[in-house]
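Asker: what's the 3D shape of this:
(chains A and B, ligands or ions: 2)
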Amino acid sequence: MHVNQLGILNQTSQPAAFGGAFRYEFMMQLRRPALWIGALLLCPFLFNHFNAFYLPPNGPPTVEQSVTQWMSFNALFYPIIAGLLIADRYARDRKTRTEELFHTMPTTVGTRLFGKYLGSVLATLVPLFLVYMVGVALILANWHTIGVLPMALALFAALMLPAVLFVGAFSIACPTFMWTVLYQVLFVCYWFWGNFLNPKIGIPTLNGTLLTPSGVHISRSFFPLGVPSYRGFSFAPEPLTNGFASLGLLLGCALIALFAAWGIVRWQRDQA
Amino acid sequence: MRNLQTVAPATSAQTPPMTISMSGLSKVYRGHIQALRNVDLTIEQGMFGLLGPNGAGKTTLMRILAGILRPTSGTLTIAGIDASRSSSDRNRTQIKRLLGYLPQELGMYPDLSAREFLDYIALLKGMDNKQQRQARVEQLLETVALSEVANRKLKTYSGGMKRRVGIAQALLNDPRLLIVDEPTAGLDPEERIRFRNLLSELGGNRIVLLSTHIVEDVAQTCQRLAVLANGQVRFQGTLGELVAAAQGKVWLLTLPAGGRPLGDGNGELSVIATQHLGAQVQYRVVSEREPQAPTRDGQVASIEPSLEDAYVYLMREQR
Ligand SMILES: Nc1ncnc2c1ncn2[C@@H]1O[C@H](COP(=O)(O)OP(=O)(O)O)[C@@H](O)[C@H]1O
Ligand SMILES: [Mg+2]
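Answerer: Residues are numbered from 1 along each chain as shown, chains lettered A, B, ... in the order given. Ligands and ions are numbered 1, 2, ... in the order given. Next up is the predicted model:
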């Protein structure tokens, strides 16, 4: 490191600060009982009628479809828990008054914000990943194959990861300027509006659009199954561009939300 | 990082002295609360005490120095770097690199251990070398006598232990400007003494700025001080100068039991201490002129002022 004549470090390692925020936010989120309780509470619901939905002879005709359907079902519900549990991460810095201390550090607000975001998002995915893999293991065991394991992992990366990155960004960003509980209520409403409301009813909704957060378009274009629909889940193939567009939109919106949060926190800091 | 091996003195002897100078510094919070009015102050290397009652503006001044708040007007230079209202982010970052700050109410994550918390702060201060960082954390845990309990969650720590974690985090980057805001508030007497001793060892080639509303804290640790009241500097100088100003203004009144001290007629008399001694009662008072004993058998003697007397004298003089 370079030290100038006043004994001041000329440079401050932003990567070190990013790594620190990432690592400790990951750790703190992972240690939260609420995260594990949330995932556990979802289990009875996810595994309800598991046999009938995913396993032969009553389940889907192929193991690929079984796994895709299992992922889709997870992706429809788990992000709600993820969004709720990430929403208090920034507000907590204010509640514990660590924000004041952090504002005296030579590293930037953005470094800390992005580290916090990625760390808490990835930690939030851990319990879900375990729950998902239990389902995958049951499916694979019943079909006596492990051939679709890579596909199961790819499904997780392509559907669940973007969905949680998307909701996580808003859950970090919005509580910087609004009351966390209010955001959480709005978020749950949004989730049902954006994912469950049938577009045919006539109320405008995100459902069915490329911005559907649970990732129908990603699933249909990256993992086409050629089966029109099965018990309400449609896997009709779509062009690859739809998948990329949907992925790009979700991640793009996440980035915009994070940059906005960065600006807001800097603005708030400079107002004081 | 340099000088990871030592806690004090800061950096090497060749570095130019650290100074802070401010003139006409004011801070108006939103809602038109004027917390600082035209503060002129120069702070040189060593321990410097900022003494004043609650609401005097001490925290406001320290938060400005720490770069959390921007002053409303006036000039401020820290180590030759401009930190006035319009100073650039670059300047502020430079100042933050030489800063260690212990806020009045230190925020910590209750679910981290002291070791983890210090490591996190070290990373946020940009210390990227893992070995040096860990060595520094261990060394500071040792300094504040928390090595034994360093793996316990912070939520299990007492107030005094948290304060020690606080000073350790402030020292991680071997700061040339160490700001500690009311560090002894809420500590029991033993912890308070310990904490003062720790601070005294940190002087040397840096500024240690300590704020307090407790006269004793300053008396034990600082050579120079400023007294702040109502957002204004009422005094700045050495302890000796403050005491000298109260010379001849402190009196010991010995009265028969039940006797009450009388002022000079204008009520300009402050009782600092009362002591009952059997048939007599002794009052230690601060007064501009020699107070009169209410009865013939009362005695009045002029005595040497203590720092506390001097502080009371200063505050009443300018009321
Ligand atoms: N964030 C704030 N907004 C408005 N007024 C404030 C704020 N912080 C402090 N004050 C006011 O500024 C004055 C000085 O406060 P402070 O600097 O905390 O004093 P001290 O630390 O000496 O007790 C007080 O009148 C206080 O109420
Ligand atoms: Mg204060």
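Asker: can you count the residues close to the closest residue to chain B within the stretch 1-150 of chain A?
Answerer: Among the residues of the stretch 1-150 of chain A, A:G20 lies closest to chain B, at 2.6 Å counting by C-beta to the nearest C-beta. C-beta here means a position set from N, CA and C on the backbone, and glycine is covered the same way. Counted by other C-beta atoms under 10 Å in any protein chain shown, the residues lying close to A:G20 total 27.
Asker: next: B:E190.
Answerer: Other residues close to B:E190 by other C-beta under 10 Å number 9.
Asker: how far does the helix or strand where it lies sit from the chain's center?
Answerer: For B:E190, the element it lies in under DSSP states H and E is helix B:189-200. Averaging C-alpha positions (C-alpha atoms, centre = their mean, to the nearest Å) puts helix B:189-200 13 Å from its chain's average.
Asker: check what contacts that helix and list those residues.
Answerer: Contact partners of helix B:189-200, identified using C-beta atoms under 8 Å, 6 or more residues apart in numbering or on different chains, comprise B:47, B:143-144, B:160, B:163-164, B:167, B:180, B:183-184, B:187, B:208, B:210, B:217, B:220-221.
Asker: mind doing that once more with 10 Å?
Answerer: Helix B:189-200 is contacted from outside by B:7-8, B:47, B:102, B:143-145, B:158-161, B:163-164, B:167-168, B:171, B:178, B:180, B:183-188, B:208, B:210, B:212, B:214, B:216-222, using C-beta atoms under 10 Å, 6 or more residues apart in numbering or on different chains.
Asker: correct me, but B:A135 touches B:L118?
Answerer: No. The criterion here is C-beta atoms under 10 Å, and B:A135 misses it with B:L118 at 11.8 Å.
Asker: shaky segments in chain B?
Answerer: B:1-15, B:262-267, B:317-319 (pLDDT under 70).
Asker: can you give me the strands for it?
Answerer: Under the criterion DSSP state E, chain B contains strands at B:20-29, B:33-43, B:46-51, B:73-78, B:81-82, B:99-102, B:177-181, B:207-212, B:224-229, B:232-238, B:250-256, B:269-277, B:280-287, B:299-302.
Asker: B:A135 and B:L118: which is more packed in?
Answerer: Ranked by neighbour count (other C-beta under 10 Å), B:A135 and B:L118 place B:L118 first, with 26 against 14.
Asker: now the more buried one: how far from B:L187?
Answerer: From B:L118 across to B:L187, the span is 20 Å (C-beta to C-beta, to the nearest Å).
Asker: A:L128 - nearest residue in space that isn't next to it in sequence?
Answerer: A:Y78 (4.9 Å; C-beta to C-beta, 6 or more residues apart in numbering or on different chains).
Asker: give me the residue from the stretch 151-272 of chain A nearest ligand 1.
Answerer: A:A272 (7.1 Å; C-beta to the nearest ligand atom).
Asker: neighbours of that residue, how many?
Answerer: 12.
Asker: then B:P189?
Answerer: When neighbours are counted by other C-beta under 10 Å, B:P189 registers 9.
Asker: next one: the one 3 residues further on
Answerer: Applying the criterion other C-beta under 10 Å, we find 20 residues in the vicinity of B:R192.
Asker: try A:F223
Answerer: By other C-beta under 10 Å, 21 other residues sit near A:F223.
Asker: what's the answer for A:W179, then?
Answerer: A count of nearby residues for A:W179, using other C-beta under 10 Å, gives 11.
Asker: sorry, back to before: contact partners for the residue of the stretch 1-150 of chain A closest to chain B?
Answerer: A:13, A:107, A:111-112, A:115, A:119, B:119-128, B:133.
Asker: mind running it again at 7 Å?
Answerer: A:115, B:120, B:123-124 (C-beta atoms under 7 Å, 6 or more residues apart in numbering or on different chains).
Asker: may I see the buried residues of stretch A:243-260?
Answerer: A:243, A:245-247, A:249-250, A:253-254, A:257-258, A:260 (16 or more other C-beta atoms under 10 Å in any protein chain shown).
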